[in-house]
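Peer 1: Build me a model:
(one chain, ligands or ions: 1)
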Amino acid sequence: MKKSIILIDKKLKKHFSTPFKANNSPQPLDMLIATILSQNTNDQNSFKAYQNLKKYFNNWEEVKNSDTNIIEDKIRIAGLGAQKACTIKNLLDELYKDGKNYSLSNLSKLNNEKSIQYLTQFKGVGVKTASCVLLFSLNKNICPVDTHVHRTLNRIGLVKTNSPDKTFFEINKNFPPKISHSFHTNLIRLGREICKPKNYKCSICPLLEVCEFNNKNFEINKKSKQQSFMLLDNI
Ligand code: SF4
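Peer 2: I've put the predicted structure just below:
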């Protein structure tokens, strides 16, 4: 598994290059809220919703003390506004009760497993959201698994699982150091541009040689649209 991950990472970097990573890591709570906003929408819309929140409120305490309807209004563009506003409010209330730990500074002292356990105790925060905070904010060696990462890794044959969370636990048992950001980010690009759910394009895929998928598609398709904007690298 470890060797295959390294090989796939190498091939993806050759094809897409090493993905952009901001020099300054965002605060864990900023990242957590941005990731909640990104659920079930595209990166552009969740980025706008995040910017709206940051422009309207001076800090997260103001968000906690605000009316849920106002939060919903500011994040409407990201979809599921009412649900996401409740998740954010509930999270901030719980963190406040937990000793105003808005910095989530306790996370840097915990290992990945304990950090995931801590974050997923909050309603609306799943394994993917928690692992994004660890990777993008705390620079931990961890590879979050969304629907693209789950689908592509199953097609390639690296895992045989039936849910993103199972794929996550499978590949993170012993993830090779230093490549989790590039591996995760480039696999999402692969899933958005080439190894799409339907109409996937094996003829132009950089992983063709290593992919074990039985049902490859070699029809000639139009060139894929590049989708390289990644919300979590822009928080
Ligand atoms: S070869 Fe085809 S099925 Fe395999 S990863 Fe590439 S696009 Fe997906």
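
Peer 1: Show me the domain layout of this protein.
Peer 2: Per automatic domain parsing, the structural domains of the chain span 2-21+143-233, 28-137.

Peer 1: Determine how far the shortest one lies from the middle of the whole chain.
Peer 2: Centroid separation between domain 28-137 and its chain, computed with CA atoms, centre = their mean, to the nearest Å, is 13 Å.

Peer 1: Tell me the buried residues in stretch 35-55?
Peer 2: The neighbour-count check on stretch 35-55 (16 or more other CB atoms under 10 Å) flags 35-39, 41, 43, 45-50, 52-54 as buried. Where you see a C-beta, it was placed from the backbone N, CA and C, and this is true even at glycine.

Peer 1: I'd like to know which of these is nearest to the ligand.
Peer 2: Among the buried residues of stretch 35-55, Asp43 lies closest to the ligand (CB to the nearest ligand atom), at 21.3 Å.

Peer 1: Which helix or strand lies directly C-terminal to the longest helix along the chain?
Peer 2: Identified as the longest helix of the chain according to DSSP state H is helix 81-97. As assigned by DSSP states H and E, the chain's next helix or strand after helix 81-97 is helix 112-120.

Peer 1: as a whole number, average confidence for that next one?
Peer 2: The average pLDDT within helix 112-120 is 95.

Peer 1: List the buried residues in the longest helix of the chain.
Peer 2: Buried residues in helix 81-97, counted by 16+ other CB under 10 Å: 81, 84-92, 95.

Peer 1: Now do the phi/psi pair for Tyr200.
Peer 2: With angles defined as degrees, to the nearest 10, Tyr200 sits at phi -80, psi 160.
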